[in-house]
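**Q** Quick one, what's the 3D model for this:
(one chain, ligands or ions: 1)
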Amino acid sequence: MSTRAEGEIVHFDNVGLRYSTDREVLSDLSFTLFPGRFYFLTGASGAGKTSLLRLLYLAQRPSRGVIRMFGKDAITTPRSGLPAMRRRIGVVFQDFRLVPHLSAFDNIALPLRVAGFSEGEIAGPVSDILEWVGLADRRDARPATLSGGEQQRIAIARAVIGRPEVLVADEPTGNVDPEMAVKLLRLFELLNRQGTTVVVATHDVHLLKKVSSPLIMRLDRGRLSDPTGALRYPPRRPS
Ligand SMILES: Nc1ncnc2c1ncn2[C@@H]1O[C@H](COP(=O)(O)OP(=O)(O)OP(=O)(O)O)[C@@H](O)[C@H]1O
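**A** Predicted coordinates for the structure are as follows:
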């Protein structure tokens, strides 16, 4: 039986994380993320943003507390059940993590191939998104021959191509110029309007200003605050 509360997609209850035996890098995190919303995660360098995102995309288990994803207890789910949960989450890593021996096209196509789509089904969407991120002419390029900003755009395209239920992005505009940052933000918003819950960690205050009424989660030395009421926000009622 599902334990999912109405409308919730992620729920943290009193979560803490320590990497070694010393201090916790995240403490007492209790919040709910609702489907179809767009959250920003802010905080100074070292505040714990990447660590919180790693918990969200199930790369890291907490040291204490409860995490529920898609209505399932992510901590007691056996290892064999995690890949299926992870496939519902698109991730843009801070260091991109593109596969070095694959072309830009093949990096983006990877999630669709893993999900079993045919080459005929893959070609159109991958070409479209290459166009969107302005890299249609670099489709055959290997990551090492791309600039940092180009690699970042490929990483974003790969994360969104499968229209994940949740998109988690760690500083996704850190290597692009302001114009491209806004364009990528619009891509996230488009995905969000199509139903994806988005969590973007960013230092970039200019990016936040491009959004009307952003929902902000703020980390300060591993503790979360809620300057815009993002974490108390009621679920959107179906219209
Ligand atoms: N694998 C690890 N082992 C030990 N400590 C770690 C590890 N990863 C992060 N930390 C520590 O945890 C704290 C939070 O780091 P984290 O990378 O989550 O912060 P951040 O807010 O994402 O920082 P930045 O904006 O600089 O990327 C820091 O003190 C960091 O040194």
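**Q** helices and strands around the helix or strand that contains Asp128, which ones?
**A** Assignment of secondary structure by DSSP states H and E places Asp128 within helix 119-132. If contacts are counted by 3 or more Cβ pairs under 8 Å, 6 or more residues apart in numbering; DSSP states H and E, helix 119-132 sits against helix 104-114, helix 148-160. Just so you know, the C-beta spots here come from the backbone N, C-alpha and C atoms, and that holds for glycine as well.
**Q** List the buried residues for the first one?
**A** Under the neighbour-count criterion of 16 or more other Cβ atoms under 10 Å, helix 104-114 has 104-112 buried.
**Q** next one: it to chain centre, how far?
**A** A distance of 17 Å separates the centroid of the chain from that of helix 104-114, by Cα atoms, centre = their mean, to the nearest Å.
**Q** contacting residues for the closest residue to Phe105 other than its chain neighbours?
**A** Counting by Cβ to Cβ, 6 or more residues apart in numbering, the nearest residue to Phe105 once its immediate chain neighbours are dropped is Arg139, at 4.4 Å. By Cβ atoms under 8 Å, 6 or more residues apart in numbering, the contact list for Arg139 reads 103-105, 127, 130.
**Q** With Pro35 instead?
**A** By Cβ under 8 Å, 6+ apart, the residues touching Pro35 are 7-9, 165, 195, 197, 235.
**Q** helix/strand/coil for it?
**A** Under the three-state scheme (DSSP: H, G, I helix; E, B strand; the rest coil), the conformation of Pro35 reads as coil.
**Q** can you pull the contacts of the residue nearest to Ser147 when sequence neighbours are not counted?
**A** Spatial nearest neighbour of Ser147, chain neighbours left out: Asn175 (7.9 Å); criterion: Cβ to Cβ, 6+ apart. Shown here is Asn175, whose contacts under the criterion Cβ under 8 Å, 6+ apart are 147-149, 151-152.
**Q** so where do the strands sit in the protein?
**A** Secondary structure of the chain (DSSP state E): strands located at 10-17, 26-33, 38-43, 64-69, 72-73, 89-92, 166-170, 197-201, 215-220, 223-225.
**Q** Run me through the strand neighbours of the shortest one, direction for each.
**A** In the sheet containing strand 72-73, its partner strands are strand 64-69 (antiparallel), by DSSP bridges.
**Q** Any buried residues in the helix ranked longest in the chain, and which?
**A** Ranked by residue count under DSSP state H, the longest helix found in the chain is helix 178-193. Within helix 178-193, the residues that count as buried by 16+ other Cβ under 10 Å are 180-181, 183-185, 187-188, 191-192.
**Q** helices and strands around it, which ones?
**A** Under the contact rule (3+ Cβ pairs under 8 Å, 6+ apart), helix 178-193 is packed against strand 38-43, helix 148-160, strand 166-170, strand 197-201, helix 205-209.
**Q** The first one close to the ligand?
**A** Yes - part of strand 38-43 sits close enough to the ligand to count as contact by Cβ under 6 Å from any ligand atom, namely Gly43.
**Q** Which neighbouring elements make contact with that strand?
**A** Applying 3+ Cβ pairs under 8 Å, 6+ apart, one finds that strand 38-43 contacts helix 49-56, helix 178-193, strand 197-201, helix 205-209, strand 215-220.
**Q** mind redoing it with 10 Å?
**A** Where contact means 3 or more Cβ pairs under 10 Å, 6 or more residues apart in numbering; DSSP states H and E, strand 38-43 is packed against helix 49-56, strand 166-170, helix 178-193, strand 197-201, helix 205-209, strand 215-220, strand 223-225.
**Q** Please name whichever of those is nearest to Val91.
**A** Val91 lies closest, by Cβ to Cβ, to one member of the helices and strands packed on strand 38-43: strand 166-170, at 5.2 Å.
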